[in-house]
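Novice: just to be clear, the model below is a prediction. Sequence and coordinates:
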Amino acid sequence: MRRFVVRRLAAAVGVLFVISVLTFLIFQTIPNGDPALRIGGRLATAQEIAQIRHEWGFDRPIYVQYFRTMEKIFNGTVVSYTQGVNVLDQIRHGLPATLSLAVGAGFIWLMLGILFGVITAIKAGRFADRALTVLAFIGVSSPPFFLGALVIYYLGYKAGVVPLGGYVPLGQDPAQWFSHLIAPWLVLSVLFIGIYSRVLRSTLLDTLGEDYVRTARAKGISERRVLARHVLRNSLIPIISLWGLDFAQIIGGGAILTESVFSLHGVGQFAAESIGRLDLPPILVVTMLTAFAVVLLSAVVDILYAVLDPRIRLSG
Amino acid sequence: MSERLLEVESLQVSFVTDEGTVQAVDEVSFALGSGEVLAIVGESGCGKSVTAMTLMGLTRLPNARCSGSAKLRGEELLTAPERRMREIRGGEIAMIFQDPMSALNPVQRVGDQIVEQIRAHEEIAKGPALARAIAAMDRVGIPRAAERARAFPHEFSGGMRQRVMIAMALSSSPSLLIADEPTTALDVTIQAQILHEIGRLRAETNAGVILVTHDLGVVADIADRIVVMYAGRIVEQGSLDELFYDPQHPYTWGLLGSIARVDRERPPRLPTIAGQPPSLVSPPRGCHFRPRCPHEFARCTEVPPLESRLAEAPEHRDRCWLSPQEKRAKRVVDGQIGLAGGTTVVA
Ligand SMILES: Nc1ncnc2c1ncn2[C@@H]1O[C@H](COP(=O)(O)OP(=O)(O)OP(=O)(O)O)[C@@H](O)[C@H]1O
Ligand SMILES: [Mg+2]
């Protein structure tokens, strides 16, 4: 176990390094990426630009720039080029909304994904299966900004049952927190419910054909118990790893569209705005946050795997 | 035959598939007494497992059609309500499957899997049920059973896993044990041990045993009576001696000819029956074995009834139109029982 933790930490450091270098390099090559132009604004003279370039260190060799940026990220002083605000403060500010979105949606899509997966597998080929299959495909192919806009217009603007957007902290007013989040949770979940139910359906159908399921039936236990104890439990193992990675993505600000449509002002919306301004430091930090969340969650998933399936041993 | 435990009459099982209707079991009838071992023998795909599974009520699928009758101590199994079948499954009838590698749930402890079987049929707390499971494991020769009960299936060898399956089957004292190719996936020395275990349990508990196999050699030591199946039908049935010393059906001759026997010099090559079993969707008219039979003649396009053609052995039945005299003349190949025209394979 200790070896596992050490190895995963080493892997995390490696991943963070590679991902930050790549992000950094991409910004050197994209057109209009020159931060001095963005900082100086449209009216800056060539001289002012040169001045900015020198002050911010953009005229130094690229590796020096990289290490100075990294240094600032790790001592918490990194500042956005275009807004001049502290990036880590912004992220800290956005994280509660993003976490609230991820936890609620992650719970909803996991539960409903399992429920629909089980129904479609048990009723394979029959009406319930076909109907849910069509729904799943609609879900998978509905972009969150479109669904979100529909929800806000019909349920928010017309019917007034949900707020038009925004985030209320849990500590401030739990009821408001919930009512502001329920629509984003559902909208974000739709896509995942569609994917998870399809994946689970096919895993369940495979598992139903396993010899040990036949053994379980031959014991004389109820079909419900066969499904719960032998079929579902074993089929959930792949779903869990999928969930871990998707969840990590959202924590790392991956729900850009959902956060923006509902103005949650979370990490994702912050990332979206920064991308719009081609602002390197926030993008770099958000990317690293996502990478870190993915590495962390996949370690958690591996531990869960080893708990759920005794044939698997933890290794780095 | 002692007390009649199981009576199967004209059992038919078919499955509707995309390719057509598969007649997996066709007019199968046999009976079994307590403490008796009945072997069902035949090539792959001839309906042995479907017969066994039907007795357990495990072929009640939407695409399956079942007719005839199968009575356990007089109680009809084919039409029994599902609730009752659940009591019977794993209670009065227990089953051991072919591949012990995949027949146990890989993510549950072996002891828990046996406990689940016990608790499915009795109101008993987990502790005492586990004690019973450990005792059952001990009884089938699993060393350090108390400790092994906490292990997972992948920590057992194939032979030990099959012992676990037997322990599981026995834990609720069934009156009928169905073993579907219990030794096929195991190597020869382990095969003998497992068969010995099944034989011992039969003697101790007086359970009836149905032993499904595709190898006549396996049953020689343990079976009392044998049913030979071919393409869904019984082609011959009788006592062990009747089948081994006076086989009536050419298919049985072929099976006997392909046994490596310890009492004879081992041939360098072992004959097998030429050709493939027919499709069960559109089997040949008349005798199903006709296309592979070197002794085929005009009458074989009619289905031969399963009946005794020997005055001295009324329980020895077969489905072949040849007269007993013709059979006795034709079944001798190179001085031994066999089927002419067989191909040989390296044994
Ligand atoms: N659920 C099902 N649906 C359709 N066909 C089936 C079904 N179950 C069995 N069959 C068919 O019934 C036939 C008999 O199968 P069965 O499993 O009884 O053979 P077997 O004698 O046990 O062979 P083996 O030695 O390979 O185990 C096969 O052709 C098989 O494909
Ligand atoms: Mg079989």
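Specialist: Thanks, I have it. Ligands and ions are numbered 1, 2, ... in the order given.
Novice: buried residues, whichever strand or helix holds residue B:29. List them.
Specialist: In this structure, residue B:29 sits in strand B:20-33 according to DSSP states H and E. With burial defined by 16 or more other Cβ atoms under 10 Å in any protein chain shown, the residues of strand B:20-33 counted as buried are B:22-33. For glycine as for every other residue, the C-beta is placed from the backbone atoms N, C-alpha and C.
Novice: what of stretch A:215-226?
Specialist: For stretch A:215-226, burial by neighbour count (16+ other Cβ under 10 Å) applies to A:215-221, A:226.
Novice: ok, and of those residues, which contact chain B?
Specialist: The subset of the buried residues of stretch A:215-226 within reach of chain B, by Cβ under 8 Å from any Cβ of the partner chain, is A:215-221.
Novice: what's the farthest-apart pair in these?
Specialist: By the measure Cβ to Cβ, A:215 and A:220 form the most distant pair in these, at 11.3 Å.
Novice: of the buried residues of stretch A:215-226, which pair is most distant in space?
Specialist: Farthest apart among those by Cβ to Cβ are A:215 and A:220. That separation is 11.3 Å.
Novice: downstream of the particular helix or strand that has residue A:139 in it, the next helix or strand is which one?
Specialist: Here residue A:139 sits within helix A:127-140, counting by DSSP H and E. Counting by DSSP H and E, the next helix or strand C-terminal to helix A:127-140 is helix A:144-151.
Novice: re the thing from before, from the buried residues of stretch A:215-226, which is closest to residue A:123?
Specialist: Residue A:123 has its nearest neighbour among the buried residues of stretch A:215-226 in residue A:226, at 16.1 Å by Cβ to Cβ.
Novice: nearest residue to the closest one in space, please, no chain neighbours.
Specialist: residue A:216 (4.7 Å; Cβ to Cβ, 6 or more residues apart in numbering or on different chains).
Novice: just the CA coordinates for the helix or strand where that neighbour lies, please, in CSV.
Specialist: Using DSSP H and E, residue A:216 sits within helix A:211-218. What follows is helix A:211-218, C-alpha atoms only, in CSV (Å, rounded to 0.1, in the frame of the first residue of the first chain):
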residue,chain,number,x,y,z
ASP,A,211,-21.1,-19.6,-15.5
TYR,A,212,-21.2,-18.3,-11.9
VAL,A,213,-24.6,-16.7,-12.5
ARG,A,214,-25.9,-20.1,-13.5
THR,A,215,-24.4,-21.5,-10.3
ALA,A,216,-26.1,-18.8,-8.4
ARG,A,217,-29.4,-19.6,-9.9
ALA,A,218,-28.9,-23.3,-9.3
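Novice: for it, the averaged confidence score.
Specialist: Throughout helix A:211-218, pLDDT has a mean value of 94.
Novice: show me the helices in the stretch 1-150 of chain B, by range?
Specialist: Assigned by DSSP state H, counting those that start in this stretch, the stretch 1-150 of chain B shows helices spanning B:48-55, B:82-88, B:100-103, B:110-119, B:126-139, B:145-148.
Novice: let me see the contact set for residue A:166.
Specialist: Neighbour list for residue A:166: A:180, A:262-265 [criterion: Cβ atoms under 8 Å, 6 or more residues apart in numbering or on different chains].
Novice: can I get the ones next to chain B among the buried residues of stretch A:215-226 in TSV including distance to residue B:77?
Specialist: Putting these into TSV (distance: Cβ to Cβ, whole Å) gives the following:
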residue	distance to residue B:77
A:215	19
A:216	20
A:217	15
A:218	14
A:219	17
A:220	13
A:221	18
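Novice: how close does the single nearest residue of the stretch 101-250 of chain A relative to ligand 1 sit to residue A:239?
Specialist: Residue nearest to ligand 1 within the stretch 101-250 of chain A: residue A:209 (10.1 Å; Cβ to the nearest ligand atom). In this view, residue A:209 and residue A:239 are 18 Å apart by Cβ to Cβ, to the nearest Å.
Novice: okay, the two: which has more neighbours?
Specialist: Neighbours were tallied for residue A:209 and for residue A:239 using other Cβ atoms under 10 Å in any protein chain shown; the higher tally belongs to residue A:239 (19 against 8).
Novice: so can I have CSV of the contacts of residue A:166 showing secondary structure?
Specialist: Shown next, in CSV, are the contacts of residue A:166 (DSSP: H, G, I helix; E, B strand; the rest coil):
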residue, secondary structure
A:180, helix
A:262, coil
A:263, coil
A:264, coil
A:265, coil
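Novice: make CSV out of those and add distance to ligand 1 and neighbour count.
Specialist: Output for the contacts of residue A:166, formatted as CSV (distance: Cβ to the nearest ligand atom, whole Å; neighbours: other Cβ atoms under 10 Å in any protein chain shown):
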residue, distance to ligand 1, neighbour count
A:180, 52, 23
A:262, 50, 31
A:263, 55, 17
A:264, 51, 24
A:265, 56, 20
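Novice: now, which of those residues sits nearest residue B:298?
Specialist: Top of the list for closeness to residue B:298, among those and by Cβ to Cβ, is residue A:262 at 83.5 Å.
Novice: so which residue is dead centre in chain A?
Specialist: residue A:250 (1.8 Å; Cα atoms, centre = their mean).
Novice: just chain B next, same as before
Specialist: Residue closest to the average C-alpha location in chain B (Cα atoms, centre = their mean): residue B:212, at 1.5 Å.
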